[in-house]
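S.K.: Turn this into a model:
(2 chains)
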Amino acid sequence: MSAIDMMGPPQRSGSVLGWLRRNLFSSIGNTVLTLVAAYLLWLTIPPLLNFAIFDAVWTGETREACLGEGKGACWPLVWANFGQFIYGRYPESEIWRVNIVFALGFIALVPMLIPSAPAKRFNVIFLLVVYPLIALVLLAGDRPGLPPVPTSEWGGLLVTLVVAVTGIVVSLPLGIVLALGRRSSMPAIRMLSIIFIEFWRGVPLVTVLFMASVMLPLFLPEGLSPDNLLRCLVGVALFSSAYMAEVVRGGLQAIPAGQYEAARAAGLSYWQTMGLVVLPQALRHVIPGIVNTFIGLFKDTTLVLIVGIFDVLGQVRAQLSDPTWTVPQGALTGYLFAGIVFWIFCFGMSQYSSFMERRLSAGRGR
Amino acid sequence: MRNPVAALLLGILIGVGGLYFVLPYDAAAVLAGRGTTPATAVETEPGAERSGAGETLRRVMRRGFLQCGVSQGLAGFSSPDERGRWSGIDVDYCRAIAAAIFGDGEKVRFRPLSAKDRFTALQSGEVDILSRNTTWTMSRDTQLGFDFAGVIYYDGQAFMVRKSSGITKAEQLAGATICTQTGTTTELNLADYFRGRGLDYRVLSFEKNDEAISAYDQGRCDGYTTDASGLYAERLKMQRPEDNIVLPEIISKEPLGPVIRQGDPQWADIARWTLSALLNAEELGITSKNIEEMRESENPLVRRLLGAEGSYGASVGLGPDWVIDIVRAVGNYGEIFERNVGVDTPLGIERGLNALWTDGGVMYAPPIR
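M.R.: Here you go, the predicted model:
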């Protein structure tokens, strides 16, 4: 034996058992927690999988296929109503227009999200200026060759995306302006920003939508009532920009005063200071908060149902009342489908945000 | 852009694109030589000359379609099918009015409304008519500033219980827990019924019907109550529909009817007489199938209804063929009933009270003469 005690053999870090011991059973407390968690999962996961997959009915033409003991989710209901869930009551002969809008948006968005893709500047202009105009013309129509489709016939995922994307695209710049306004040294601008933000943060979105949709026409002269969906879009955009403003303000406050002073000393104007020095740093800090707001906004779009606009969830609910497809498990199946749709979009957003965070903080070893 | 030709082409492209974007459809139609015919015919109709009358019809004509408030989904009354087409009794009534006005039952847009915002939507003019399984009560008729055009479906609140409970009469529900939906007359009727008989009961109310019915299905309540028509629709959602029975007692009167704003007698007439025309057509045996033969009929009642004699359409600002258009578009009342809720549909509701007075029901329309 040497003078120094020999070290024990290294832990079997590679093996499953070692991993289990280190991560799940390292102490009595952790062991109890692990067992409780495993029990809860055992209670919830198998019934869910049974319902959604193993006992589910996958094919069928009518509601009769889904009737009977011990049958799970009624997926034929979703297949049959799929068009409704995606496009709402958009006229079938015009659905190609929606598809073009979806496809264009997808084609333009993907290179935008991939950092190494070229032509970012053209892409931004296209996405923020050209694309909304094309989408508006295509979706609403009322142009030579494109018969008008009133927004009351839009529905499903189309409405969800229109409301969410408009809210997201409008709320970020508006929120940044409001956040800067709230920190401005000019009293009038500061007061106006504070009033705006606090007003919109103080009222529930349901109230805003209800006021916009039902009360507004009572105040306005007859005939001068803007489109119902447009009213909701404006309401949602203003509402979410107030939240966005506070998120951005949090980032602005994290920037040390030295940054401002250095920028001013270098002779930069206010807008140069903000645009070149402060905002790039501030926004990076608040990416999680911004994406959080986006995700919240995306899910809040379901509230447009109360003003008679059918988003995915509303459309699912409406289709459930169709007696030709009324089955006991219909509501559960429909909500499961809506949940999956929302999860895909929200999870996508959150994954992209963490990718951006890693990318932006690469090399600073935070 | 150094190349002038490319610049020119790009400029033209942007110019044309921009023009296309700002150009409204009407102007474009005029440019293309397809002038639109303005719907001004109604303003010369005699019916429109009465004071304060005709405002709504004129607006509907100018707009080119009817705005009709329906429910956000109630089986048999208004629900969208898998192709997005609305169907149901309430929906067909709206198509009937559209057919009476435009001669085309498709010139109607449906605005799905929740129970809460239906009256505001009608008051504010968002919809021209509310055809949304709305119960005709005195307070709604007198205090809200509305008129009811009549009764399109005689409904009534009833109870559903499990067969295994052994309950066969509503009185036996003493001490029971009843599931129901909040915010409608259902809850009030329930309280009236039990209080009036000095019976104990517990109520579990839910915001959404789906929640109420699944609570009942899971055994959290002994009974479930809503309008009888709704009970049949909800029963389809149960695990074992055949294990549940609808109790015979009807504890409330729920005459459902279309609602219009007060203050436009002509519009009220159109709504009322469209409904009457549907019933009269059934009574006279006029259906969407035999309408063409019926036009040749010698029966004076039929001739008056179909506009061969008299000018009843014109008296409410409509064309002479208004009833023909209605029946062509949606059929008579009986056809509407059987197509949407009748015994051959999943709902399987008998005519019952909603049969014509000649068949033992209470559907009785004033004559068109």
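S.K.: and residue B:67, helix, strand or coil?
M.R.: The local conformation at residue B:67, judged by DSSP: H, G, I helix; E, B strand; the rest coil, is strand.
S.K.: Could you measure from it over to chain A?
M.R.: 9 Å (Cβ to the nearest Cβ, to the nearest Å). To be clear about C-beta, it is placed using only N, CA and C from the backbone, and glycine gets the same treatment.
S.K.: Check residue B:168 too.
M.R.: With distances taken as Cβ to the nearest Cβ, residue B:168 is found 25 Å from chain A.
S.K.: what domains does the record give for chain A?
M.R.: Using automatic domain parsing, the domains assigned to chain A come out as A:16-54, A:63-90+A:149-360.
S.K.: and among these, the most buried is which?
M.R.: Stretch with highest mean neighbour count among those: domain A:63-90+A:149-360 (a mean of 18; mean count of other Cβ atoms under 10 Å in any protein chain shown).
S.K.: Now do the same for that domain: mean pLDDT, whole number.
M.R.: Across domain A:63-90+A:149-360, the average pLDDT comes to 90.
S.K.: same question, stretch B:347-354
M.R.: For stretch B:347-354, the mean per-residue pLDDT is 89.
S.K.: before we move on, the earlier item: what's the closest of the domains of chain A to chain B?
M.R.: Chain B sits nearest to domain A:63-90+A:149-360 of all the domains of chain A, at 3.2 Å, using Cβ to the nearest Cβ.
S.K.: Pull up the distance across the closest one, start to finish.
M.R.: Chord length of domain A:63-90+A:149-360, first to last residue, is 52 Å (Cα to Cα, to the nearest Å).
S.K.: What is the distance between it and the centre of its chain?
M.R.: Distance of domain A:63-90+A:149-360 from the chain centroid (Cα atoms, centre = their mean, to the nearest Å) equals 6 Å.
S.K.: dump the residue contacts of whichever residue of chain B sits closest to chain A.
M.R.: Across chain B, the shortest distance to chain A (Cβ to the nearest Cβ) belongs to residue B:73, at 3.2 Å. Residue B:73 sits next to A:317, A:318, A:319, A:320, A:321, A:322, B:79, B:80, B:112 when contact means Cβ atoms under 8 Å, 6 or more residues apart in numbering or on different chains.
S.K.: what do you get if the cut-off is 6 Å, keeping everything else the same?
M.R.: By Cβ atoms under 6 Å, 6 or more residues apart in numbering or on different chains, residue B:73 lies in contact with A:318, A:321, B:79.
S.K.: Now that we're looking at it, what pLDDT does it have?
M.R.: Per-residue confidence (pLDDT) for residue B:73: 85.
S.K.: now the one 4 residues further on
M.R.: At residue B:77, the predicted lDDT confidence score is 94.
S.K.: Quick one: residues contacting it.
M.R.: Taking Cβ under 6 Å, 6+ apart, we find residue B:77 in contact with B:88, B:89, B:90, B:133.
S.K.: Keeping just the C-alphas, turn the host helix or strand of the third one into CSV.
M.R.: Using DSSP states H and E, residue B:90 sits within helix B:89-102. Coordinates of the C-alpha atoms in helix B:89-102 are reproduced here as CSV (Å, rounded to 0.1, in the frame of the first residue of the first chain):
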residue,chain,number,x,y,z
ILE,B,89,-84.4,24.2,-38.3
ASP,B,90,-83.2,27.7,-37.3
VAL,B,91,-80.9,27.8,-40.3
ASP,B,92,-83.6,26.7,-42.8
TYR,B,93,-85.9,29.4,-41.5
CYS,B,94,-83.2,32.0,-42.4
ARG,B,95,-82.8,30.5,-45.8
ALA,B,96,-86.5,30.8,-46.2
ILE,B,97,-86.4,34.5,-45.5
ALA,B,98,-83.5,34.9,-47.9
ALA,B,99,-85.5,33.0,-50.5
ALA,B,100,-88.5,35.2,-49.9
ILE,B,101,-86.4,38.4,-50.4
PHE,B,102,-83.9,37.4,-53.0
